[in-house]
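K.L.:
Got a sequence here, can you build the structure:
(2 chains)
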Amino acid sequence: MIKRGVSLYSYQQAQFFGKMTLKDMIAEVHDHLETDGIEIIMDSAVPRYPFPTEEFIFDWNNTMARYNMKAVTADVFLDVHQFRDHVMNHREAAQRLKNDIIIASKMGFENVRTLSSVPIDVIEMALDTAEKYNVRIGKEIHFPIPIKQRQKKKNKYGMSAVRDFRLVEQILQLKDKTGSPYVGLVPDFGIFQHSAPQVSVDYERRNAKYPEEVDFIVENCKNYSFDDLVDLAHEKYPDSDMTITSMERLAFHEPVSIPEDIKDIVPYIVSIHGKFYDMTEVPGQPGCYDEKSIDYEKPIKYLKECGYDGYIDSEYEGQRDQQDLDFEALPDEVTQVRRHHEMLRRLIGN
Amino acid sequence: MFDKFLIRPDSLKNDYMGGQAVGFSFSVKIADYRGCFLSLHNGYYIQCDGVEYPREVQTFEVNGKAPRTFEELKKCVWEHWDYATEAIVHVKKPGGLAPGTHTIRLQQSILMQYGYAPWDEEWVKNPPVPGSGAGSGKSSSVFSYQLELKEGGGSHD
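P.N.:
Prediction:
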């Protein structure tokens, strides 16, 4: 049975404003979502990172024990400019990852999630530490990287121009080569995103120099390749200040992975990011919610068929598209995550 | 991120030294969903009432320590600015600001990114100038704030 969890990332805005502590978040997951899976962003959950105090570690483990929670995955990062006088090399990056694995282990986590952009040799160099501390390394499959490459030509513009699409292939090769059960994958539901979220479209419209450029991109993204669309937008709005990043998130019209592709990687999944932007009520079904821009139904169906029994951890991201509004108009993250779990329960059947 | 909320609205004050206003200050948080090593913090684009105040006249007060320049922060490679923790940006301006409402336009520059990028070596040699858009992390636009100056600001050396 698929298990439900929450990445505390979802409550980032409440944390920013001092409205919720880590303990409040854990209690919310236990009391209101009636589940036990906890994921963290290590760099926001651990004060004085990467040197947590013993008191913090004891207190964290105590809270997790109090509510009988499961520390599923700790998300770790790679800031290659940390040392400023040189770009961090791969050995240094591996050393940083090893340190993060040790912190994760002290906090009881089963997995660390590395970014989809972390070079494969960095993961390989950290594998001995992963084994020693019994923490698996899961590499995130994050937009625009697909599970399987179906598009032959890479874009000139945007994220897909700079990302290495051989991610799954490289992880499976590393597994084969080492035989290690300590390396795997963390798919993010963003790979099944098929349209621009309404909250993102609204944000871009409110903040664009030419709001009609936003409509132009949303309306025309199906008719052109992304590269052609960018060139067209530049032609049509030559003095616009819209970034490629904005264009890219407005131009969503097909998922980078088809849901069936997840079947091939189920044995290698360490946990899953349940990315979402806005849970809205299903028309005619009071109390039922869904995410209009991401397909959850089919991937979950295939995960069930293939016997996936790990966690899907909610990752609410729509708050950041509304932070140009007044404080009173900001979305309530707790409500959004509760709605997400209504949907997960319904689709998983628990 | 946190477009409207990077500066605490009631935090704009003049800084005094020896009874003289020597500049102004305001409280900020990080425009991200995680903290950062201080070395990654590369300063601010700050425009107050139409005047730009470059990184060289800015200092940053965090973790209970005296304000530091961004050149000093570059060397703080293991000291962390925790997420959701307030810090104070000090700006040198002899005479400080006049009482009343001020318009501050702000962009935070933090060299956080998702792993390696094509411009990495360039950023070591020539870090981006705050406000240029590059290195602005998750505050990709310059955000504008209307702030009322609070009198009775603290003094510091």
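K.L.:
any idea how far the closest residue to chain A within chain B lies from A:Met88?
P.N.:
Scanning chain B for the residue nearest chain A gives B:Gly115, at 3.2 Å (criterion: CB to the nearest CB). Bear in mind the C-beta positions are built from the backbone N, C-alpha and C, glycine included. As judged by CB to CB, to the nearest Å, B:Gly115 and A:Met88 stand 10 Å apart.
K.L.:
residues shared between the contacts of the two?
P.N.:
By CB atoms under 8 Å, 6 or more residues apart in numbering or on different chains, B:Gly115 and A:Met88 have these common neighbours: A:78, A:80.
K.L.:
at contact distance from chain A, anything in the longest helix seen in chain B?
P.N.:
Ranked by residue count under DSSP state H, the longest helix found in chain B is helix B:120-125. Yes: in this structure, helix B:120-125 sits against chain A according to CB under 8 Å from any CB of the partner chain; the contacting residues are B:120-121, B:123-124.
K.L.:
buried ones in stretch A:3-14?
P.N.:
With burial defined by 16 or more other CB atoms under 10 Å in any protein chain shown, the residues of stretch A:3-14 counted as buried are A:3-14.
K.L.:
any idea which of those residues is closest to chain B?
P.N.:
The shortest separation between chain B and any of these is 4.3 Å, and it belongs to A:Gln12 (by CB to the nearest CB).
K.L.:
Around chain A, pick out the residues from chain B.
P.N.:
Within reach of chain A by CB under 8 Å from any CB, chain B has these residues: B:1-5, B:29, B:33-37, B:39-40, B:74-75, B:77-78, B:80, B:82-84, B:111-118, B:120-121, B:123-124, B:133, B:138, B:140-141.
K.L.:
Out of the buried residues of stretch A:3-14, which sit inside strands?
P.N.:
Filtering the buried residues of stretch A:3-14 for membership in strands, criterion DSSP state E, returns A:3-7.
K.L.:
in chain A, which ranges drop under the pLDDT threshold?
P.N.:
A:151-153 (pLDDT under 70).
K.L.:
ranges for the helices of it?
P.N.:
A:12-16, A:22-31, A:42-45, A:54-66, A:90-106, A:120-133, A:159-162, A:167-178, A:198-207, A:211-220, A:226-236, A:244-250, A:297-305, A:333-348.
K.L.:
Run through the residues that contact residue 28.
P.N.:
Chain wasn't specified; assuming chain A. Contacts of A:Glu28 (CB under 8 Å, 6+ apart): A:11, A:20, A:334, A:337.
K.L.:
Switch to chain B, please.
P.N.:
Counting by CB under 8 Å, 6+ apart, B:Val28 makes contact with B:6-8, B:86-89, B:106, B:108.
K.L.:
Top of the residues you listed by number of neighbours, please.
P.N.:
With neighbours defined as other CB atoms under 10 Å in any protein chain shown, the most crowded of those is B:Gln108; it has 27 neighbours.
K.L.:
Look at it and give its secondary structure.
P.N.:
Reduced to three states with DSSP: H, G, I helix; E, B strand; the rest coil, the structure at B:Gln108 is strand.
K.L.:
I'd say it and B:Lys29 touch.
P.N.:
No: in this structure, B:Gln108 sits apart from B:Lys29 without contact. The criterion is CB atoms under 8 Å, and the distance is 9.3 Å.
K.L.:
where do the contact lists of those two overlap?
P.N.:
With contacts taken as CB under 8 Å, 6+ apart, the residues that reach both B:Gln108 and B:Lys29 are B:Leu6.
K.L.:
count of neighbours near the residue of chain A found nearest chain B?
P.N.:
Using CB to the nearest CB, the point where chain A gets nearest to chain B is A:Ser117, with a distance of 3.2 Å. Counted with other CB under 10 Å, residues neighbouring A:Ser117 total 22.
K.L.:
Nearest spatial neighbour of it, chain-adjacent residues omitted?
P.N.:
When the adjacent residues along the chain are set aside, A:Ser117 lies closest to B:Gly115, with 3.2 Å between them (CB to CB, 6 or more residues apart in numbering or on different chains).
K.L.:
For that neighbour, grab phi and psi.
P.N.:
Main-chain dihedrals, B:Gly115, degrees, to the nearest 10: phi 80, psi -150.
K.L.:
Let me see the contact set for it.
P.N.:
A:78, A:80, A:115, A:117-119.
K.L.:
who in the stretch 51-200 of chain A is up against chain B?
P.N.:
A:51, A:77-87, A:115-119, A:162.
K.L.:
Poorly predicted segments of chain B, please.
P.N.:
Where chain B drops to pLDDT under 70, the residues are B:152-157.
K.L.:
could you pull out the helices for it?
P.N.:
Remark: helices of chain B, listed N- to C-terminal, are B:70-73, B:120-125; assignment by DSSP H.
K.L.:
Let me have the ones you listed in a markdown table, extended by mean neighbour count.
P.N.:
Rendered in a markdown table, the data for the helices of chain B read as follows (neighbours: other CB atoms under 10 Å in any protein chain shown):
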| stretch | mean neighbour count |
| --- | --- |
| helix B:70-73 | 16 |
| helix B:120-125 | 13 |
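K.L.:
of these, which approaches A:Tyr289 most closely?
P.N.:
helix B:120-125 (41.7 Å; CB to CB).
K.L.:
Considering only the contacts of A:Glu28, which also neighbour chain B?
P.N.:
When CB under 8 Å from any CB is taken as the criterion, no member of the contacts of A:Glu28 contacts chain B.
K.L.:
could you flag which of those residues are buried?
P.N.:
A:11, A:20, A:334, A:337.
K.L.:
and A:Tyr210, how many neighbours?
P.N.:
Summarising burial for A:Tyr210: neighbours were counted as other CB under 10 Å, giving 16.
K.L.:
again, but for A:Gln319
P.N.:
Around A:Gln319 there are 24 other residues, counting by other CB under 10 Å.
K.L.:
which ones are touching it?
P.N.:
A:12-13, A:330-331, A:333, A:336.
K.L.:
Which residue, other than its chain neighbours, is closest to it?
P.N.:
Closest to A:Gln319 by CB to CB, 6+ apart is A:Gln13, at 4.5 Å.
K.L.:
Please look at that neighbour and A:Asp332 and confirm they touch.
P.N.:
No: under the criterion of CB under 8 Å, A:Gln13 makes no contact with A:Asp332, lying 9.1 Å away.
K.L.:
Mind listing the shared neighbours of these two?
P.N.:
Shared contacts of A:Gln13 and A:Asp332, defined by CB under 8 Å, 6+ apart, are not found at any residue.
K.L.:
now the strands for chain B?
P.N.:
B:13-17, B:20-28, B:36-37, B:41-48, B:51-52, B:58-61, B:68-69, B:80-81, B:87-92, B:101-110, B:143-148.
K.L.:
Mind listing residues that contact the longest one?
P.N.:
Strand B:101-110 is contacted by residues B:6-7, B:12, B:26, B:28, B:30-32, B:36, B:40-50, B:128, B:130-131, B:135-137, B:139, B:141-149 when judged by CB under 8 Å, 6+ apart.
K.L.:
now the angle from it to strand B:41-48?
P.N.:
Following axes from the mean of the first three to the mean of the last three CA atoms, to 10 degrees, one obtains 160 degrees for the angle between strand B:101-110 and strand B:41-48.
K.L.:
I'm done for today, thanks for sticking with me.
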